[in-house]
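# Could you look at this predicted model? Sequence included:
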Amino acid sequence: MDLLESIKQSIIGMDREKVVELTRKALDEGIKPERLLDEALTPGMDVVGQEYEKGIKFIPETLELFKKNDWELIPAASPVFEHKDKLSLTTLMQGPSWMSMNTLSIDPKTVCVQAGETAYCEQLDKLGFEVVPIPYEKVSPLGGSFHCTTLDIYREGKLEDYFPKQIDGY
């Protein structure tokens, strides 16, 4: 197995130390960062993302934190919106959106969602949320969607801790 494939497989195996070690080795050997991103890091993260979407893979500590606080974990509907923009800060924007869950919660039952993510909108609706579909596809290629491109400056109500039961390291 070549070095770039080893990096990709280490990402998929979630072996952080090995990824760092092999990435440093690749850079020391003169592999250009663009090639490292295109042939190892991004493809590895794509597989992890797909497995995370399907509920196959979770970061163990995060899963433990959610379970400890009695959260119900529901895998999100697979992305359906196809980005067709040529203008993008990342080549990852071509094809199905990997940001379909990047939403903005207005209150505990109201959520803004990219209008093109119809399967996710339907899933949230069936779960009892008021879904506000908003066409946002021209913003996503710039590197984010609702959650990443907005900033709460004021919220009404009390500050609430959704993870009162902590685990070591959090």
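Arrived safely.

# Show the residue spans covered by the strands in the chain.
With DSSP state E, the ranges of strands along the chain come out as 82-83, 95-96, 104-107, 110-114, 130-134.

# Out of the ones you listed, which is closest to residue 70?
strand 104-107 (18.9 Å; Cβ to Cβ). Heads up, the C-betas are built off the backbone N, CA and C, glycines and all.

# low-confidence ranges in the chain?
Along the chain, the model assigns pLDDT under 70 to residues 53, 55-59, 83-99, 138, 140-144, 152-153, 169-170.

# Kindly report which residue of it is located farthest from the centre.
Distance to the chain centre peaks in the chain at residue 29, reaching 30.7 Å (criterion: Cα atoms, centre = their mean).

# just checking, that one touches residue 3?
Yes. Between residue 29 and residue 3 a contact is recorded at 7.2 Å, counting by Cβ atoms under 8 Å.

# Could you say which of the strands of the chain is packed most deeply?
Of all the strands of the chain, strand 110-114 carries the top mean neighbour count, a mean of 20, counting by mean count of other Cβ atoms under 10 Å.

# Neighbouring strands of that one in the sheet, and parallel or not?
Here strand 110-114 is paired, per DSSP bridges, with strand 104-107 (antiparallel), strand 130-134 (parallel).

# And the contacts of the last one?
Contacting residues not belonging to strand 130-134 are listed as 106, 109-115, 121, 124-125, 146 [Cβ atoms under 8 Å, 6 or more residues apart in numbering].

# can we see that at 6 Å?
Under the contact criterion Cβ atoms under 6 Å, 6 or more residues apart in numbering, strand 130-134 has outside partners 109-110, 112-113, 115, 121, 124-125.

# Nearest to residue 49 among these?
Distances from residue 49 to the contacts of strand 130-134, taken by Cβ to Cβ, are shortest for residue 113, at 18.4 Å.

# I'd say the closest one and residue 121 touch.
Yes. If you go by Cβ atoms under 6 Å, residue 113 and residue 121 touch, sitting 5.2 Å apart.

# The nearest residue to residue 45 once chain neighbours are set aside: neighbouring residues, count only.
Leaving out its chain neighbours, the residue that sits closest to residue 45 by Cβ to Cβ, 6 or more residues apart in numbering is residue 11, at 6.2 Å. Residues lying near residue 11 (other Cβ atoms under 10 Å) number 23.

# Begin at 33 from now on, thanks
Sounds good: first residue 33 from here, last item residue 43.

# Could you measure from residue 43 over to residue 61?
To residue 61, residue 43 is 18 Å away according to Cβ to Cβ, to the nearest Å.
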